[in-house]
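Participant: Structure for this input, please:
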Amino acid sequence: MSKSIRVKGNASVANVSCGFDCIGYAISNPGDIITLTKKGTPGINISMSGLGSDSISCDPENNTGSKAIISLLEALKSDQGFNLHIEKGIPPGSGIGSSSASAAAAVFGANELLDNPLSLDELLIHGMAGEEVASGGIHADNIAPALFGGIILVRSYDPLDILNLPVPENLFSTAVLPEMTINTKDARQILPKDVPLSSAVEQAGNLAGFTLGLHKSDFDLLGRSMVDHFAEPHRAKLIPGYNKVRQSALDAGAIGCGISGSGPSVFALSDSLEKAEQIGNAMVNSFQNSGLNSKAYCSPIHRKPPEILD
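Facilitator: As a prediction, the model looks like this:
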């Protein structure tokens, strides 16, 4: 039985415009790498490195990776202790699932070292416990794709019902991360507690259209459905030049474009890797015109669970 493991947890895009708190997909890069080692005494010792690591708590109860492991150990009634090192490739406050990548990799790695007592489905609730540390609430639209891969629909939270949606072969993602951060809790606080009935009806139609578009590989339908009536109208003002960045993606051939999670990352979908890269260049240039440096990550939808590196 192994005593140590290295696991990569992938970034993810949440909301996807029309699916507030209920749709997300995984991307190949960037990612967090955790190294988890069994120790002879209970408890979790945490060390950090990488992007924004100095802003992340090493208190086991307030760290997304260790909190996910603690939840798992409590469920198993285990007092196994671990040394946990988190190498951050996804900066906190990026909008592409920084906390979820760490939580998914940590709980996946701990389960492996404990000889896989739980299935991926059973690990999800423990990953969500880790995610709660960062978001202040129970959400699965980042942690589910980070753990399962692919495009995920959270049909219900009570009871929890997670569905894998089909991924068209020629669907590609561009995620552009500007050099700024937005705190997830702050971004949630600016949202209205009530929405007009007409907006709710339109959003429901868009979500249904997006889901059907995936099933039919109908990219025109996907694009028509990628309109956010809930969060984007309020969060767009937090991202300098957002509307111009979005338009630059559409002008470069994007199927659709929107804010990833709470932002500031902006995502776009397209029908080829070449186009995804062209869209990324256009968005980076548009951010530059607003005074922000940024980096584009282009890839197919990532379809696999966290990767065991060694």
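
Participant: List the contacts of Gly253.
Facilitator: Gly253 makes contact with Ser270, Lys275, Gln278, Ile279 under the criterion Cβ atoms under 8 Å, 6 or more residues apart in numbering. (Glycine included, C-beta is placed from N, CA and C.)

Participant: Go ahead and confirm the first one touches Ala276.
Facilitator: Yes - counting by Cβ atoms under 8 Å, Ser270 sits close enough to Ala276 to count as a contact (4.7 Å).

Participant: For the two, list the residues in contact with both.
Facilitator: Here Ser270 and Ala276 share the contacting residues Phe172, Ser173, Thr174, scored by Cβ under 8 Å, 6+ apart.

Participant: Out of these, who's the most crowded?
Facilitator: Tallying neighbours with other Cβ atoms under 10 Å puts Thr174 at the head of these, with 30 neighbours.

Participant: Mind pulling up the pLDDT for Met1?
Facilitator: For Met1, the pLDDT comes out at 57.

Participant: Please apply the same query to Ser119.
Facilitator: Note on Ser119: pLDDT of 97.

Participant: In its sheet, which strands sit next to the helix or strand hosting Leu177, and in what direction?
Facilitator: Leu177 belongs to strand 172-178 when assigned by DSSP states H and E. If you go by DSSP bridges, strand 172-178 pairs up with strand 266-270 (antiparallel), strand 294-300 (antiparallel).

Participant: and the lengthiest helix in the chain, what does it pack onto?
Facilitator: The helix that spans the most residues within the chain, counting by DSSP state H, is helix 197-216. Secondary-structure packing of helix 197-216 (3 or more Cβ pairs under 8 Å, 6 or more residues apart in numbering; DSSP states H and E): strand 160-165, helix 219-225.

Participant: how does it look with 10 Å?
Facilitator: If you count contacts as 3 or more Cβ pairs under 10 Å, 6 or more residues apart in numbering; DSSP states H and E, helix 197-216 packs onto strand 23-39, strand 151-157, strand 160-165, helix 219-225.

Participant: quick one: contacts of the third one?
Facilitator: Outside strand 160-165, the residues within contact range by Cβ atoms under 10 Å, 6 or more residues apart in numbering are 19, 22-23, 25, 121, 124-125, 128, 138, 140-141, 143-145, 147-156, 210-211, 214-215, 301, 303.

Participant: neighbouring strands for that strand, and are they parallel or not?
Facilitator: When sheet partners are counted by DSSP bridges, strand 160-165 sits next to strand 151-157 (antiparallel).

Participant: Just the buried positions in the strand it pairs with, please.
Facilitator: Going by neighbour count (16 or more other Cβ atoms under 10 Å), the buried part of strand 151-157 is Ile151, Ile152, Leu153, Val154.

Participant: Tell me where the stretch 101-250 of the chain is predicted with low confidence.
Facilitator: Counting by pLDDT under 70, not a single residue of the stretch 101-250 of the chain qualifies.

Participant: Next up, the contacts around Glu61.
Facilitator: Shown in contact with Glu61 (Cβ under 10 Å, 6+ apart): Ile44, Lys67, Ile70, Val133.

Participant: Could you check the longest helix of the chain and say which residues are buried?
Facilitator: Glu202, Gln203, Asn206, Leu207, Gly209, Phe210, Thr211, Gly213, Leu214.

Participant: Would you mind splitting the chain into its domains for me?
Facilitator: Domains of the chain are assigned by automatic domain parsing as 4-165, 172-300.

Participant: Just send those back as JSON lines, with distance to Glu307 too.
Facilitator: As requested, those are exported to JSON lines (distance: least, Cβ to Cβ, whole Å):
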{"stretch": "domain 4-165", "distance to Glu307": "5"}
{"stretch": "domain 172-300", "distance to Glu307": "14"}
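
Participant: Deepest-packed of these, please.
Facilitator: Sort these by mean neighbour count, taking mean count of other Cβ atoms under 10 Å, and domain 4-165 sits at the top with a mean of 22.
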